[in-house]
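**Student:** structural data only, the sequence is not supplied:
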């Protein structure tokens, strides 16, 4: 169907051709009228009449020429606009075909990546920014004691509960950690003063105690908002470190699969929010999710990974996943807790930009080294912080004990030094003072196969820190009705 633009263009085209015909007729008439007296004998009155007619034709020719020129310019502009529209239509069609081709190419690449082994699939997906499209490896989380409160999140529904939270309120001696837990539990991510946590310190400096205490305090704060906490704990050196929960991933071999579980949870939460927004519904409310990675220094290994277990390529993938959680996780109630020895970025692999979203807790001697390092970000407070750290370290040396002191660098706010109160240990011990036999029974029930004697002894040691004698093992098996 012709448009108004088409009708106007066609009318002008006909008019211009009509005017060209009139112009040609008038021009020819003027020439004939002017030349006739010279070519044929004519009377004087005839000559005057012909010249008058020639003059009129010439004037008419000029007027028609001027009018035709104006019409032709307008017609040319219409043709130019028409050509522009055609070009735009062709460009749009080209863009559409290009988008279709790009989508098809992406689908082919994703299909190819999904056929690769898992160890190769993840690094290439990160390289080509296709991590949201590939099939991520699934990891079973049938681990007891990995959630404080029951979670409804689908990817962690198989993790068991920890039932007994501490019943007494912590005192002011650990108020700094209580405050971090409160601010971390703030329902609105935009109002949180802490998003992710990095805990650094040497051996026996209290890293696991601080993290365990933070988990318990965070659980208390989340209950006030009717939220629960799910925990994905990755412990490469299991069972050397004692935790209040059972690690989800044990050993360096399971680190990549473990962090992949956290990223899968992030992707799933993002998709749920997208679906809600498409349906013009409010964003879903997610339970809190802690992705805890111990031995960050060893895992990264200066970019080389952990010799014989984690390759440089896998170390890069793990670091990429951690950075993704740090960058995007807070908006979906996800918090990364990384644990290592050195707070320096070269040890963890994180950049200064990554640390801008992290609250750092540095313990013992490592805190003093960090303050004295040239890269310490708070230059003006360096001297004051160093004096405070030296005081507590000197006190520990006089008592011949390991320095129990923390340097806290909040994500928002000024750094401060605080001694590690014995109440942190008491808080963890209070939680751990559950009936060990009940915990053993829960663990046995969670196993797909009947545990061996060695498995029972190992589990008893993990829970109680004590060895189980053969006679006690026999009595335990009788009470649990476990046949030899």
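**Tutor:** Looks like it came in fine. Small disclaimer: the values here were computed from a predicted structure and weren't measured.

**Student:** any idea how far residue 297 is from residue 474?
**Tutor:** 43 Å (C-beta to C-beta, to the nearest Å). The C-beta positions use only the backbone N, C-alpha and C, and glycine is treated the same way.

**Student:** next one: residue 263
**Tutor:** 21 Å.

**Student:** neighbour count: the two, which is higher?
**Tutor:** residue 263 (23 against 19; other C-beta atoms under 10 Å).

**Student:** now that one. Nearest residue, chain neighbours left out?
**Tutor:** Nearest residue to residue 263 in three dimensions, chain neighbours excluded: residue 321, at 4.8 Å (C-beta to C-beta, 6 or more residues apart in numbering).

**Student:** got a list of what the one you found touches?
**Tutor:** Applying C-beta atoms under 8 Å, 6 or more residues apart in numbering, we find residue 321 in contact with 259-260, 262-263.

**Student:** nearest to residue 439, out of the residues you listed: which one, please.
**Tutor:** residue 262 (25.4 Å; C-beta to C-beta).

**Student:** which SSE is the closest one in?
**Tutor:** helix 255-278 (DSSP states H and E).

**Student:** which intervals of the stretch 251-400 of the chain have sub-threshold pLDDT?
**Tutor:** Residue ranges of the stretch 251-400 of the chain with pLDDT under 70: none are present.

**Student:** let me see the ranges of the strands in the stretch 251-400 of the chain.
**Tutor:** 288-293, 334-340, 358-363 (DSSP state E, counting those that start in this stretch).

**Student:** okay if I get those strands as a markdown table plus distance to residue 91 and mean neighbour count?
**Tutor:** Below are the strands of the stretch 251-400 of the chain laid out as a markdown table (distance: least, C-beta to C-beta, whole Å; neighbours: other C-beta atoms under 10 Å):
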| stretch | distance to residue 91 | mean neighbour count |
| --- | --- | --- |
| strand 288-293 | 46 | 26 |
| strand 334-340 | 42 | 25 |
| strand 358-363 | 46 | 24 |
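
**Student:** any idea how far residue 330 is from the residue nearest to residue 328 when sequence neighbours are not counted?
**Tutor:** With C-beta to C-beta, 6+ apart as the criterion, residue 328 has its nearest non-adjacent residue at 6.4 Å, and that residue is residue 266. The gap separating residue 266 from residue 330 is 11 Å, by C-beta to C-beta.

**Student:** any idea how far the closest residue in space to residue 370 that isn't next to it in sequence is from residue 410?
**Tutor:** Excluding its sequence neighbours, the residue lying closest to residue 370 (C-beta to C-beta, 6+ apart) is residue 343, at 4.8 Å. According to C-beta to C-beta, residue 343 and residue 410 sit 14 Å apart.

**Student:** ok, those two, which is more surrounded?
**Tutor:** Between residue 343 and residue 410, residue 343 has the larger neighbour count (other C-beta under 10 Å), namely 26 against 18.

**Student:** poorly predicted segments of the stretch 51-200 of the chain, please.
**Tutor:** Residues of the stretch 51-200 of the chain that meet the criterion pLDDT under 70 lie in 51-61, 63-75, 77-90, 92-93, 118-123, 126-173.

**Student:** still on that earlier bit, select, out of the strands of the stretch 251-400 of the chain, the one closest to residue 427.
**Tutor:** Per C-beta to C-beta, nearest to residue 427 of the strands of the stretch 251-400 of the chain: strand 358-363, 15.8 Å.

**Student:** just checking, what packs against that closest one?
**Tutor:** strand 196-200, helix 207-223, strand 405-409 (3 or more C-beta pairs under 8 Å, 6 or more residues apart in numbering; DSSP states H and E).

**Student:** parallel or antiparallel, which strands does that strand pair with?
**Tutor:** strand 196-200 (parallel), strand 405-409 (antiparallel) (DSSP bridges).

**Student:** mind giving me TSV with those and columns for mean neighbour count?
**Tutor:** Converted to TSV, the strands paired with strand 358-363 look like this (neighbours: other C-beta atoms under 10 Å):
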stretch	mean neighbour count
strand 196-200	24
strand 405-409	24
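
**Student:** export the ones you listed as TSV, with columns for distance to residue 189.
**Tutor:** Formatted as TSV, the entries for those read as follows, by distance: least, C-beta to C-beta, whole Å:
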stretch	distance to residue 189
strand 196-200	12
strand 405-409	20
